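Colleague: One predicted model, sequence on top.
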Amino acid sequence: MRVMGVDPGLTRCGIALVESGSGRTVTALDVDVVRTPASMELPDRLSAIYAAAQHWMDTHAPDVVAVERVFAQRQVSTAMGTAQAAGVIALAAAHRDVPVRFHTPSEVKAAVTGSGRADKAQVTMMVTRILGMQQAPKPA
């Protein structure tokens, strides 16, 4: 099964593709960060994220898209931008009949580390280990 995982954001939108193998093996196939400058108009930023999502889905044909759900953020503008980015990812998937699943940050942390309260360093270390990567992904 191919899963396209997305950590949505307007400034940095992380996208990765993993594939499950025999047993519990998981292989990273591709990873990228879509960056849009804050000086860019919002519709243009969302369009750039949407275009990247379309390209990824057309290139990699994921079976499902997993998106980190906005759960709680201190700044409303940051939460809104994150939700808008997640929305255009979901739209690109819907146009291709690819199912989308939303997961809270604590669900993602628990699945990767065993603890929903893991910090970013712990998550990065476990992702690096699970995927058999030589070095940690940058940015985390």
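Modeller: Great, that's in hand.

Colleague: gap between the residue lying closest to residue 94 once chain neighbours are set aside and residue 49?
Modeller: Counting by C-beta to C-beta, 6 or more residues apart in numbering, residue 100 is the residue found nearest to residue 94 once chain neighbours are left out, at 7.2 Å. (C-beta placed from N, C-alpha, C; glycine too.) Using C-beta to C-beta, to the nearest Å, one obtains 15 Å as the distance from residue 100 to residue 49.

Colleague: Compare the two and say which is more crowded by neighbours.
Modeller: residue 49 (26 against 17; other C-beta atoms under 10 Å).

Colleague: right, and that one touches residue 85 too?
Modeller: Yes: judged on C-beta atoms under 8 Å, residue 49 makes contact with residue 85 at a distance of 5.3 Å.

Colleague: Now for those two: what residues contact both?
Modeller: Contact with both residue 49 and residue 85 is made by residues 8, 10, 13, according to C-beta atoms under 8 Å, 6 or more residues apart in numbering.

Colleague: residue nearest the centroid of the protein?
Modeller: For the chain, the residue sitting closest to the mean C-alpha position, by C-alpha atoms, centre = their mean, is residue 6 at 1.3 Å.
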